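*Asks:* Below: sequence and its predicted model.
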Amino acid sequence: MKKIKLHNGEYALVDDEDYPYINRFHWQCNIKKGLKYACTNIQREKKSVTIYMQEFLIPNDNFGCITFRNLNTLDYRKSNLTTINNGTRVMRGRKKKNCSSRYKWLSYNKQSGKYDVRIYKDGVKYYLGSYRSQTKGARIANEKAKELYGKLAYQNKL
């Protein structure tokens, strides 16, 4: 295990075999939803793009989510990283369109005037109903997420 120094004095942990590759970049600490992540900026098509360290280390498709087994978001050893398919598409460089709810898995249906709740796992869509209240829909989504993903489930903050 080796340490990579981040710009603010924090350290990220990496496996010995990953150190020579990862250490070539200038890493900074980015705080996202209260958690610290190591990231770097690279030039791609004349634009600066932020890339997180876990994206360098774990192959990931557009539907995957990389999680940290020990919940330490600065521990990038492969034994600590895992991917789960949570049905979330990663969209870089543009805003998500048609975002009609402040909660994950909810979308506003203009025809019914209610919020539809859908969760995806392993290519299967789970429709959980329509609700007038976003909070009630988010609560239902949280329960189903726990059932599908266990302790790694994303939970809407109610």
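*Replies:* Received, thanks.

*Asks:* count of neighbours near Leu35?
*Replies:* 12 (other CB atoms under 10 Å). From N, CA and C alone the C-beta is placed, and that goes for glycine too.

*Asks:* That one against Thr73, yeah?
*Replies:* Yes - contact criterion CB atoms under 8 Å: Leu35 and Thr73 qualify, at 4.7 Å.

*Asks:* What distance do you get for the residue lying closest to Phe68 once chain neighbours are set aside to Asn70?
*Replies:* Of all residues not flanking Phe68 in the chain, Asn80 sits nearest, at 5.6 Å (CB to CB, 6 or more residues apart in numbering). Between Asn80 and Asn70 the computed distance is 5 Å (CB to CB, to the nearest Å).

*Asks:* Report the contact partners of the residue nearest to Phe68.
*Replies:* 68-70, 72 (CB atoms under 8 Å, 6 or more residues apart in numbering).

*Asks:* for those, which one is nearest Met53?
*Replies:* Nearest to Met53 among the contacts of Asn80: Phe68, at 11.2 Å, using CB to CB.

*Asks:* bridging residues for that closest one?
*Replies:* When bridges are called by DSSP bridges, Phe68 pairs up with Leu81.

*Asks:* Thr50 too?
*Replies:* Asn41.

*Asks:* In the protein, mark out all the helices, start to finish.
*Replies:* Here the chain has its helices, by DSSP state H, at 19-22, 53-57, 134-149.

*Asks:* Tell me how far the closest residue to Ile4 other than its chain neighbours lies from Asn80.
*Replies:* Nearest non-adjacent residue to Ile4, counting by CB to CB, 6+ apart: Ala12, 4.6 Å away. Counting by CB to CB, the separation of Ala12 from Asn80 is 11 Å.
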